[in-house]
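**Q** have a look; sequence and predicted model below, questions after that.
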Amino acid sequence: MTAIDFASFVDRLASAAGETIMPFFRTALAVENKQAGGFDPVTQADQAGEQAMRTLIRKAFPDHGILGEEYGAERTDAEYVWVLDPIDGTKSFIAGMPAWGTLIGLMRFGEPVFGMMYQPFIGERFSGDGGAAHYRGPVGERELNVRECASLGDAVLFTTSPLLMNVSDRACFGKVESAVKLSRYGGDCYAYCMLAAGQIDLIIETEIKPHDIVPLIPIIVGAGGVVTTWENAPAQDGGRIVVAGDARVHEAAMEMLRGNLDSQRSAARVFGGAGYAAFPSLPLAPKVPRARGTPGSRSDPRTSTPRDIEACRNPNNRKSAVPKASRARCFLGLLRSAPGGLPFQASVLSARRPIHRYGPERHSHTSDRAGCRRQWGPRRAAARRDAAAWTAGPPRRISDGASFPGHRSPPRV
């Protein structure tokens, strides 16, 4: 088959699909959902359009393979394999929006060698063979060329919808989106052709299937663009895709995506739950419980030194003489060690330092005696730990006027 015959055959394929699909457009057609737990619509227009193209391919090239969205694969080990998506953008199609198209691609030995996007409602055809790309439509014919864009700050970004991404990918996309000049959603295959035409600079997608991207690769590459996965691998197998008209924008977007993925994985490993929401599939190190309030440890209020206790007895010197980490321990130790409780409580009342209850986090704790209210703030965790350590200790009694930290006798009033 000559080049002229091949181009004519691809035009026949596109026209046959368009003639089959257009009677369904903007009508009350039945829509089926083929995705459990989500919404992936399919209509009679999708099925009829692919069936029309398959019939022509089998008749003209019986030895060629076919990979289609609606009817699966046949003879994919052949030298030539046709990749068909009768309506790329079915959600736009059922909503009556013209942002959809018929995709026709051809692979040889697994590599995309030709692609076409046909929009029958508008009458536009975008085609490419990896070396050049062309446009034909109501305004005539011309070659397609991407435009220059020096940085992400000057780029126009498109994606079909961030809601199609998982949580971690959406977070990575959001970082790139915040760096570009303009971000827009929708378009499906039309956005890729606008990138080849020099109207868009960057496209980032996830969950892409081979029939979504294979017909578009020769068009974008032929216009001078770059198409890879997020891992900088060939994109014909689908997955997470990055498409750029300028190599500088592609490199900047890839660097940002890789950096965000690495930082999220690090957060998931280091902080556990803090990063786990973004990366639910990452294995996390098990949490090892730490011993709290063991006798002789710093978290044991019974180990407060006499110097600390004396410093805490003086309300004018308490904050300056005792380190912050020791104040809660000294406070609890003094409360249980003061003979009779009256001298210490008088100093507490004069300094308006309440006796705290250890309730749920983020609650204010109120003193029964002083009636004052104070937010514990960042030290509440240490105070709760110290209280737990004290209550875990053995019960003690006061005898002969002696006192020591850790006893459980209530203050005598």
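**A** That came through, no problem.

**Q** so who does the closest residue to Glu177 other than its chain neighbours touch?
**A** Counting by Cβ to Cβ, 6 or more residues apart in numbering, Glu177 lies nearest to Ser183, which is 4.7 Å off, once chain neighbours are set aside. In this view, the C-beta of every residue, glycine as well, is placed from N, C-alpha and C. The contact partners of Ser183, taken as Cβ atoms under 8 Å, 6 or more residues apart in numbering, are 156-159, 177.

**Q** kindly report the same for Ala30.
**A** Contact criterion Cβ under 8 Å, 6+ apart gives 43-44 as the residues in contact with Ala30.

**Q** could I get the pLDDT score of it?
**A** pLDDT, Ala30: 91.

**Q** got it, and the one 4 residues further on?
**A** pLDDT, Lys34: 84.

**Q** in CSV, list the C-alpha atoms belonging to the helix or strand encompassing the residue nearest to Glu177.
**A** Ser183 belongs to strand 182-185 when elements are defined using DSSP states H and E. In CSV, the C-alpha atoms belonging to strand 182-185 read as follows (Å, rounded to 0.1, in the frame of the first residue of the first chain):
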residue,chain,number,x,y,z
LEU,A,182,-3.2,29.2,34.0
SER,A,183,-4.8,25.8,34.8
ARG,A,184,-7.9,24.5,33.1
TYR,A,185,-9.8,21.2,33.3
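
**Q** Glu50 sits in which helix or strand?
**A** helix 44-60.

**Q** what do you get for Pro62?
**A** Pro62 belongs to no helix or strand when elements are defined using DSSP H and E.

**Q** and for Gly115?
**A** strand 111-119.

**Q** how about that strand: buried residues?
**A** Within strand 111-119, the residues that qualify as buried are 112-119, counting by 16 or more other Cβ atoms under 10 Å.

**Q** and the nearest residue to Gly105 once chain neighbours are set aside, how far from Ala52?
**A** In space, Gly105 comes closest to Pro215 once its chain neighbours are excluded; the distance is 3.2 Å by Cβ to Cβ, 6+ apart. Per Cβ to Cβ, to the nearest Å, Pro215 is found 16 Å from Ala52.

**Q** which one's more surrounded, these two?
**A** Set Pro215 next to Ala52 and count neighbours by other Cβ atoms under 10 Å: Pro215 wins out with 32 against 18.

**Q** which residues touch that one?
**A** Pro215 is in contact with 83, 85, 103-105, 112, 115-117, counting by Cβ under 8 Å, 6+ apart.

**Q** lowest-pLDDT helix or strand in the chain?
**A** Among the helical and strand segments of the chain, the one scoring lowest on mean pLDDT, DSSP states H and E is helix 342-351, with a mean of 40.

**Q** the closest residue to His64 other than its chain neighbours pairs with what?
**A** Excluding its sequence neighbours, the residue lying closest to His64 (Cβ to Cβ, 6+ apart) is Tyr80, at 4.6 Å. On the basis of DSSP bridges, Tyr80 takes part in beta bridges with Arg108.

**Q** what's near enough to touch Tyr80?
**A** Residues in contact with Tyr80 (Cβ under 8 Å, 6+ apart) are 61, 63-65, 106-108.

**Q** domains in this structure, by residue range?
**A** The chain breaks down into these domains under automatic domain parsing: 3-122, 152-276, 301-392.

**Q** which of these comes out lowest on mean pLDDT?
**A** If you rank those by mean pLDDT, domain 301-392 sits at the bottom with a mean of 49.

**Q** identify, from the contacts of Tyr80, the entry nearest to Glu231.
**A** If you rank these by distance to Glu231 using Cβ to Cβ, Met107 comes first, at 20.6 Å.

**Q** next up, the contacts around the closest one.
**A** When the contact criterion is Cβ under 8 Å, 6+ apart, the partners of Met107 are 80-83, 113, 214, 236.

**Q** for Trp230, give its distance to Glu205.
**A** 10 Å.

**Q** surely Glu116 and Glu124 touch.
**A** Actually, residue 116 is Met. It isn't Glu. No: if you go by Cβ atoms under 8 Å, Met116 and Glu124 don't touch, sitting 10.8 Å apart.

**Q** how far does stretch 234-248 stretch from start to finish?
**A** End-to-end span of stretch 234-248 (Cα to Cα, to the nearest Å): 18 Å.

**Q** quick one: buried residues of that stretch?
**A** In stretch 234-248, counting by 16+ other Cβ under 10 Å, buried: 235-236, 238-246, 248.

**Q** wait, which of the residues you listed is closest to Ala48?
**A** Ala48 lies nearest to Gly238 out of the buried residues of stretch 234-248, by Cβ to Cβ, at 24.5 Å.

**Q** for the closest one, which non-adjacent residue is spatially closest?
**A** The shortest distance from Gly238 to any residue that is not its chain neighbour, by Cβ to Cβ, 6+ apart, is 4.3 Å, and that residue is Ile208.
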